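Colleague: How does the following fold in three dimensions:
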Amino acid sequence: MRHRLAGRKLNRTSEHREALRRNMAQSLFEHGQVKTTLPKAKDLRPFAERLITLARKARRGNLAARQRLTALLGDRAVIPAEFQEQYEDMSDAARDRVRRSRSRRRHRLGRAGGGQKFTAVSVVHHLINEVAADYEDRPGGYTRVIRLGRVHKGDSTPLAVLQLVGQEESPGTVTRPEKTARKRRTERRYREAARAIKARGRASKGENEPDQTSRKPGPAPPPDETAADSGPGSTGSAGDAEATEQGQS
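Modeller: Have a look, this model is predicted:
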């Protein structure tokens, strides 16, 4: 039993674990979500929510909260999403000018100047002014963990996505996934089996129906009264009519 043993070691040293947690938190605040394993997501969630709480305090003017936030999170340079493609097409020298000014100081506010179309933004500045601004009226619960139902191929560790609440993207139109070859073969076998069962049922139904030529004659209908009166032993109006015709001739 793990009595009084809080936290997860993640098979890493304390320094490696802190660096991993810090880098994943920076990626979470930069992109809005991060895909990782389920144990890492569960370990990162309370750390990220603590950072957002500190950012809310720093937004109100608390200097100690801002200093603590910088000490825990670091100061990564974040490229705005609308300029990400342009940044990837730049040369190394142009990227360096986007990240640092001529005095070699880091760009932290994202204010372009000196002929630059855009500059990098500090992740701390982005967290305080962009992310924490969306949670001013929220007392807590800034993130969610979503299990993906898939595992790593190497160690079969379950995968998950850690998202910022309210910043997730809409799935849009949901398309049905393409069927695999195995599923198509199975469905084809089921269809053929269903057709064979229906054909066998129609054949057995046709054998059970009686043939029209082999039916036995039923009881004769009752004789008509006029036919009974005009029989050979009857002396009716038919015989009188024949007699009159012979006399006239």
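Colleague: Please make it C-alpha for all contacts and neighbour counts, starting now.
Modeller: OK.
Colleague: what's stretch 68-79 in contact with?
Modeller: Outside of stretch 68-79, the residues within contact range by Cα atoms under 8 Å, 6 or more residues apart in numbering are 22, 25-26, 30, 51, 54-55, 87, 99, 106-108, 119-124.
Colleague: got the buried residues for it?
Modeller: Applying a neighbour-count criterion of 16 or more other Cα atoms under 10 Å, one finds 69, 70, 73, 74, 75, 76, 77, 78, 79 buried in stretch 68-79.
Colleague: Over to stretch 17-35?
Modeller: Going by neighbour count (16+ other Cα under 10 Å), the buried part of stretch 17-35 is 21-22, 24-30, 32-35.
Colleague: Return the subset of these lying in helices.
Modeller: Residues of the buried residues of stretch 17-35 located in helices (DSSP state H): 21, 22, 24, 25, 26, 27, 28, 29, 30.
Colleague: re the thing from before, output the buried residues of stretch 17-35 in TSV; the columns should cover pLDDT.
Modeller: As requested, the buried residues of stretch 17-35 are exported to TSV (pLDDT from 0 to 100):
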residue	pLDDT
21	94
22	94
24	95
25	95
26	93
27	93
28	94
29	93
30	90
32	90
33	91
34	93
35	93
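Colleague: Dump these to TSV, plus distance to residue 138.
Modeller: Compiled in TSV, the buried residues of stretch 17-35 are given as follows (distance: Cα to Cα, whole Å):
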residue	distance to residue 138
21	24
22	23
24	23
25	20
26	21
27	22
28	19
29	17
30	20
32	17
33	19
34	22
35	24
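Colleague: What is the nearest of these to residue 187?
Modeller: residue 35 (34.1 Å; Cα to Cα).
Colleague: Hmm, that closest one is touching residue 158, no?
Modeller: No: look at residue 35 against residue 158 with Cα atoms under 8 Å: they stay out of range, at 11.1 Å.
Colleague: ok, and for the longest helix anywhere in the chain, which residues are buried?
Modeller: Across the chain, the longest stretch assigned as helix under DSSP H is helix 181-208. When neighbours are counted by 16+ other Cα under 10 Å, no buried residue of helix 181-208 is found.
Colleague: domain ranges for this protein?
Modeller: The record's domain split for the chain, according to automatic domain parsing, is 7-75+123-168, 80-119.
Colleague: Show the end-to-end separation of the shortest one, please.
Modeller: Across domain 80-119, the straight-line distance between its terminal residues is 8 Å, by Cα to Cα, to the nearest Å.
Colleague: can you map out the strands along this protein?
Modeller: Remark: strands assigned in the chain by DSSP state E are 33-37, 77-78, 121-122, 143-151, 158-164.
Colleague: In JSON lines: those, plus distance to residue 3.
Modeller: Formatted as JSON lines, those follow (distance: least, Cα to Cα, whole Å):
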{"stretch": "strand 33-37", "distance to residue 3": "24"}
{"stretch": "strand 77-78", "distance to residue 3": "40"}
{"stretch": "strand 121-122", "distance to residue 3": "40"}
{"stretch": "strand 143-151", "distance to residue 3": "25"}
{"stretch": "strand 158-164", "distance to residue 3": "25"}
